[in-house]
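Enquirer: how would this look folded up:
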Amino acid sequence: MKKIIALCALLLSALLLSSCFAVLPLLRSVLRPPEATVAPTPRQTAEPTQKPAPRPTAEPAPDASQDLPLYRFNANRAEEHLRNGETEEAILAYEAAIRYAILENNCPQQELAELYLTLSRVYEDEGRDVRALAVLLGAKERADESREIADGIACLLADDGAPANRAAKSAYLSVLRSLISAHGQYAAAEGEWVDYPLGVFHAQLVDCDADGVDELLCIYGTPRPYTYEYDGETYEEVRNIPCVELYAYRDGEAALLLQECVGYYFAQSDDYKEVLVCRADGDIWINFYLDTADFCDAFYTVREGNLVSRVYRARIPEDAGFDVDTSVYDVAGSFEIDGTQVSREVFELQHEAMQDRFYGPEEQTYEWIYIPPDEFWAWGYGKYVDALLLTLGG
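Expert: You can find the predicted model right below:
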């Protein structure tokens, strides 16, 4: 009997040992560290650089546990941004605070006036006096009119500038009044979102070549035919297309240097458009996409009263198929710089160099003009066009 038990134990041990040898290779394969592999490198495509700044958004709403009115929450955020030296973020937060204070109607008028006054001082400290005035004009209408608001408006209007600029302002006032007479002045109802604004919604003085005499930049929406294709059919409708005009003062009058419609980035949605005003290499440039079927990135400035342009156009064949991931260069039939045909290589190099002048230095200053305007300005909480009319002597 003992021999039988010993034999069974021996057979069982052999069976277990053979099973282990069968499992060991599997264990080694599982436990072995992975071999080093090189991830595939995606194909590099020369793609025009998209403009770097997203459309600004309102400050986030507070948690319920904070138990603060939305206007006060955003005002606190604005103060924090100012302490951290984040001026643009502070401006957005103050604008949000004012919007919430008005929409929710839970802010004392004196506190609303203080929000306006603080935002105006931020703009004034940045040297943006017309914006500061626009904010105070909004305060005069929306908050209790106070001596401090009235004094602030008077102070901002007191400086007429150099005599040469005073003459230019008189000429520009006539231009701006004519544009408003022809196209109207844009205004949206509170809570209304207008994709295609109608009327003059932006007017600004810019000294492009720092010669002491300003140029006048105006943007307005005007009805124009708009053609598009869908499901093999061609459709046409009327849309309010944004148009940019740029004037210089020369020979005693305002001379129209530029009149172009604003488009959007090739192969992207038309959710919004934008115009960028930027100082680069000592000059102020105005940059936007032209309203064409092609890729057309345009840069403009003024020197000695004359328009200087850099227009980069990649012509897109009518039958070209593309989506949001399509490279412009893969479908373009030809390339032009200021109307002169160039090779793809020259186009890429010069377009990239021009963009580097704008977007390279971190200390570069930009002003983004969004189309349609942000709610703070669209709903009349700040009155930018009115402020410029007053600045020009209107």
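
Enquirer: Near the closest residue to residue 207 other than its chain neighbours, how many other residues are there?
Expert: Setting aside the residues directly before and after it, residue 207 is nearest to residue 214 in space (C-beta to C-beta, 6 or more residues apart in numbering), at 5.0 Å. Every residue, glycine included, has its C-beta placed from N, CA and C. Residues contacting residue 214 under the criterion other C-beta atoms under 10 Å number 23.

Enquirer: Quick check: phi and psi at residue 214.
Expert: phi -70, psi 160 (degrees, to the nearest 10).

Enquirer: quick one: contacts for it?
Expert: Counting by C-beta atoms under 8 Å, 6 or more residues apart in numbering, residue 214 makes contact with 165, 168, 169, 172, 205, 206, 207, 249.

Enquirer: which residues in the stretch 201-350 of the chain form helices?
Expert: Assigned by DSSP state H, counting those that start in this stretch, the stretch 201-350 of the chain shows helices spanning 328-331, 344-359.

Enquirer: Can you give the distance from the longest one to the centre of its chain?
Expert: Its chain's C-alpha centre and that of helix 344-359 lie 20 Å apart, by C-alpha atoms, centre = their mean, to the nearest Å.

Enquirer: Which strands and helices lie in contact with that helix?
Expert: Counting contacts by 3 or more C-beta pairs under 8 Å, 6 or more residues apart in numbering; DSSP states H and E, helix 344-359 packs against strand 273-280, strand 295-303, strand 306-315, strand 334-337.

Enquirer: can you list the domains in the chain?
Expert: As given by automatic domain parsing, the domain ranges for the chain are 52-159, 162-391.

Enquirer: Any idea how far apart the tips of stretch 277-291 sit?
Expert: With C-alpha to C-alpha, to the nearest Å applied, stretch 277-291 spans 18 Å between its terminal residues.

Enquirer: And it, what's buried?
Expert: 277-280, 283-291 (16 or more other C-beta atoms under 10 Å).

Enquirer: pLDDT score for residue 313?
Expert: Residue 313 carries a pLDDT value of 93.

Enquirer: for residue 263, that is, sorry about that
Expert: Reading off the model, residue 263 has pLDDT 84.

Enquirer: same question, residue 191
Expert: pLDDT, read off for residue 191, is 69.

Enquirer: Any stretches of the stretch 251-394 of the chain with poor pLDDT?
Expert: Scanning the stretch 251-394 of the chain with the threshold set as pLDDT under 70 gives 265-272, 319-326, 360-365.

Enquirer: at 50 instead, please
Expert: 267-269 (pLDDT under 50).

Enquirer: Tell me who's in contact with residue 136.
Expert: Neighbouring residues of residue 136 by C-beta under 8 Å, 6+ apart: 116, 117, 120, 149, 152, 153, 156.

Enquirer: Could you dump those residues into TSV with neighbour count added?
Expert: Output for the contacts of residue 136, formatted as TSV (neighbours: other C-beta atoms under 10 Å):
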residue	neighbour count
116	28
117	19
120	27
149	21
152	22
153	19
156	22
